[in-house]
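Participant: sequence first, predicted coordinates after that:
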Amino acid sequence: MPNYRLNVLMCAGTGCTASKSAEIYDEFVKTLEKYELSNEVNVVKTGCFGLCQKGPIVAIYPDNVFYSHVKLEDVERIVSEHVYKGRVVTDLQLSDEDLETKEKILDINKIKFYEKQERIALRNCGKIDPEDIQEYIAMDGYQALGKVLSEMTPQQVIDEVKASGLRGRGGAGFPTGVKWQFEADQPGDEKYVICNADEGDPGAFMDRSILEGDPHAVIEGMTIMAYAVGSHKGYIYIRAEYPIAVQRLKIAIDQAKEYGLLGENIFNSGFDFDLEIRLGAGAFVCGEETALIASIEGKRGMPTPKPPFPAVSGVWGKPTSINNVETIANIAQIIHKGADWYSSIGTEKSKGTKVFALGGKIKNTGLVEVPMGTTLREIIYEIGGGCPNNKAFKAVQTGGPSGGCLTEKELDTPIDYDNLVAAGSMMGSGGMIVLDEDNCMVDVAKFYMEFICDESCGKCSPCRIGTKRLLEMLTKITEGEGTMEMLEEMEELCYEIKDTALCGLGQTAPNPILSTLKSFRNEYEAHILEKKCPAGVCKNLLEYYIDPDKCKKCSMCARNCPVECISGEPGKVAYVIDTEKCIKCGTCMTSCNFGAVERK
Amino acid sequence: MKSLEDLKKLREQALKKVEMREGGKDYRVVVGMATCGIAAGARPVLNKLVEETANNNYNCTITQTGCIGMCVYEPIVEVFDKNEGHTTYVHVDPDKAIKILEEHIGKGNIVEEYTVEAARKNEGK
């Protein structure tokens, strides 16, 4: 093994790969060869660093220097300056600004984005090469599995997980240890474990990042889970849209088999466990456990009524436990460091940490892991950096299509499962989409309803027909044809769907409407009564208008208008929009250099 | 792999590879790698330091830095302890590098004769 003096870690997650990190990796290898440094410097592809907004990110260890927004042409400079001569290229360095002193912060551990985080599920992401099992082992990997198989009984493992207080990270927050106990208590010796990697909420990508950055943590967690419940066969159900994650998982499974950490007689304990990847076609409903099981069995992905619960009759009619990726990624750490350690983090009823995918109108888009009980304000403002372009914060959507919107009022709520439900939303898988003053809440509700209509499997009528009716009403409101009675009707229908839909998808589908109706009823009313969209999003309710005092009569707007509905005379007569002909495309507004075009 | 023992062995081996990414060592050894340092032979020194540290499990990280302004004394190697107290070694070559690791990192004894103070004294400054 060569001794490298320097490690160049390159994010190879999906986000950074989309901004050319693979090409940059090749460029590093090539440039290092040119400088004859290949024997001294190691270039490693690693998982997501979390700060996707600043990607592609390159970290140089042991110097602990992070470079952000690295482009192909920067590679030569980083190699010739930093790698060769030891001079940090400061203008490319990832930095933060101290809010009070305005001083530049370069120390990676002091950067706000990382300072507030506590990484358990993401602990190896961005630190190790996910395609090298040895690096995982170096970070205490597979120690927990060794401990479980040589020192603990299955019941002890279940008790430890129960004591840790870990709850399902997929959304509903069911206690993981209790779920395992149900399966373990079932008779028979043909049992299954499943990892649910069918991450489908718009804007959520934590599971993908864990699988891409630390696949062995999932394999180890599943093996421990299998031992605890008495299973010898597991499935990882992952969507085919995650090609990098699938690839890394395949490599990891092969390596684990090669090292005897998966397969027959693991650690000479007599325990066998085999793991298989099943690809899903990306249907949202397949994240629901009974639909997921149907899909694994090769059937059409549709839910079935519960009971029977999967713990009693799951895949192939046998007892099955299904856990989400993030839940499983916590298991090895809980065993390794103990339930006491884990339960010391978090709030009374929600232990440990939660990973959130921050997206929407926020400065630091990315992945953050914080202890339960952190407030929304801390996540959005301190870690996320607030809304860009000095826009005002309006709401944050949590829990995806099953969740709801939280407003300014709820910003200081400590986040845990129960508080979010009490506030009218839910934890969900951890997507957090920040909305600012430019977002129309009716439009947001409509977006989620469109998503649900597309993804409804059609098996039960409340979901299939009900959500369609909801979408129709929302569409009418955004087009200015809504009535106040519609709001009542919509609300009633929402509760009916919640009560009667077959599975979790339908039961939670009305949540985005209910929560926006609750907190932003005034916006709905503005659409209906005043026929106006306060945020200026809903096209049918907009009107463009040129302020004659501000108009410099330059004719720029008229020349750019695609339907020639603006008239005036260059230098003489101020321009006017014919609102009858106007298609509300907004081109005049963007082409005016003097801000004379207004949207009402 | 058949036992926890096997895993432990593998872990120790593998740790060397990733260990240097993690800080938390007692000493930080910094080599001046600017043009002046490289021209004076800092690269073989740096490589020797990395190799020896890995082979002998010295409790230090090896990093590089730019020019510290005493080009005449290059190659320069600075050793920082945990309290950021530091010793500056000058005109280091690979053999001296081995001795610095053995004495300073290994046993905690500063190799006085290689320090900048000793060099300046010899020059009568």
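Facilitator: It's in. Because the structure is a prediction, the values reported are computed rather than measured.

Participant: pairing partners for residue A:396 in the sheet, please.
Facilitator: Partner residues in beta bridges with residue A:396, using DSSP bridges, are residue A:406, residue A:434.

Participant: ok, residue A:392 - contacts?
Facilitator: Residue A:392 makes contact with A:436-437, according to CB atoms under 8 Å, 6 or more residues apart in numbering or on different chains. Heads up, the C-betas are built off the backbone N, CA and C, glycines and all.

Participant: how near is it to residue A:375?
Facilitator: From residue A:392 across to residue A:375, the span is 19 Å (CB to CB, to the nearest Å).

Participant: who in the stretch 251-400 of chain A is up against chain B?
Facilitator: Along the stretch 251-400 of chain A, the residues adjacent to chain B under the rule CB under 8 Å from any CB of the partner chain are A:259-261, A:267-268.

Participant: highest neighbour count among these?
Facilitator: Neighbour count (other CB atoms under 10 Å in any protein chain shown) singles out residue A:261 as the most crowded of those, with 25 neighbours.

Participant: ok, that one touching residue B:1?
Facilitator: Yes - under the criterion of CB atoms under 8 Å, residue A:261 is in contact with residue B:1, at a separation of 6.4 Å.

Participant: ok, which stretches of chain B are strands?
Facilitator: For chain B, the strands identified by DSSP state E occupy B:27-32, B:60-65, B:77-80, B:86-89, in order along the chain.

Participant: of all these, which lies closest to chain A?
Facilitator: Closest to chain A of these is strand B:60-65 (CB to the nearest CB; 3.6 Å).

Participant: for chain A, tell me whether that closest one is touching it.
Facilitator: Yes - Strand B:60-65 comes into contact with chain A (CB under 8 Å from any CB), by way of B:61-65.

Participant: from those residues, list just the buried residues.
Facilitator: Taking 16 or more other CB atoms under 10 Å in any protein chain shown as the criterion, what is buried in those is B:61-65.

Participant: got those as a markdown table, with pLDDT and distance to residue B:82 columns?
Facilitator: Listed next are those as a markdown table, based on pLDDT from 0 to 100; distance: CB to CB, whole Å:
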| residue | pLDDT | distance to residue B:82 |
| --- | --- | --- |
| B:61 | 85 | 12 |
| B:62 | 86 | 16 |
| B:63 | 83 | 15 |
| B:64 | 82 | 20 |
| B:65 | 81 | 18 |
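
Participant: please identify the buried residues of the longest strand along chain A?
Facilitator: Among all segments of chain A classified by DSSP E, the strand with the greatest residue count is strand A:271-280. Residues of strand A:271-280 classed as buried: A:271, A:273, A:275, A:278-280 (neighbour count, 16+ other CB under 10 Å).

Participant: what helices and strands are in contact with the helix or strand following it?
Facilitator: For strand A:271-280, the succeeding helix or strand toward the C-terminus, using DSSP states H and E, is helix A:289-296. Taking 3 or more CB pairs under 8 Å, 6 or more residues apart in numbering or on different chains; DSSP states H and E as the contact definition, the neighbouring helices and strands of helix A:289-296 are strand A:192-197, strand A:233-239, strand A:271-280, strand A:320-324.

Participant: and helix A:289-296 with strand A:233-239, angle?
Facilitator: An angle of 100 degrees separates the directions of helix A:289-296 and strand A:233-239 when computed by axes from the mean of the first three to the mean of the last three CA atoms, to 10 degrees.

Participant: any idea how far helix A:289-296 is from the chain center?
Facilitator: For helix A:289-296, the distance from its own C-alpha centre to the chain's C-alpha centre is 22 Å (CA atoms, centre = their mean, to the nearest Å).

Participant: mean confidence for that helix?
Facilitator: pLDDT averaged over helix A:289-296 equals 95, rounded to a whole number.

Participant: so which residues make contact with it?
Facilitator: Taking contacts as CB under 8 Å, 6+ apart, the residues outside helix A:289-296 that touch it are A:194, A:196, A:198, A:235, A:237, A:278, A:280, A:283, A:285-286, A:300-304, A:306, A:310, A:314-315, A:320, A:322, A:457, A:503.

Participant: cool, and stretch A:544-554?
Facilitator: The set of residues external to stretch A:544-554 that reach it, using CB under 8 Å, 6+ apart, is A:557, A:566, A:568-577, A:579, A:582, A:584, A:586, A:588-589, A:592-600.

Participant: which ones among these lie within helices?
Facilitator: Judged by DSSP state H, the subset of these located in helices is A:557, A:588-589.

Participant: Serialize these to a markdown table and add fields for pLDDT and distance to residue A:469.
Facilitator: Putting the ones in helices among the contacts of stretch A:544-554 into a markdown table (pLDDT from 0 to 100; distance: CB to CB, whole Å) gives the following:
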| residue | pLDDT | distance to residue A:469 |
| --- | --- | --- |
| A:557 | 93 | 41 |
| A:588 | 92 | 37 |
| A:589 | 91 | 35 |
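
Participant: most surrounded residue in the residues you listed?
Facilitator: So for these (other CB under 10 Å), the most neighbours sit at residue A:588, 25 neighbours.

Participant: tell me where the stretch 351-500 of chain A has strands.
Facilitator: Applying DSSP state E, counting those that start in this stretch to the stretch 351-500 of chain A gives strands spanning A:353-360, A:366-371, A:393-398, A:404-407, A:431-436.
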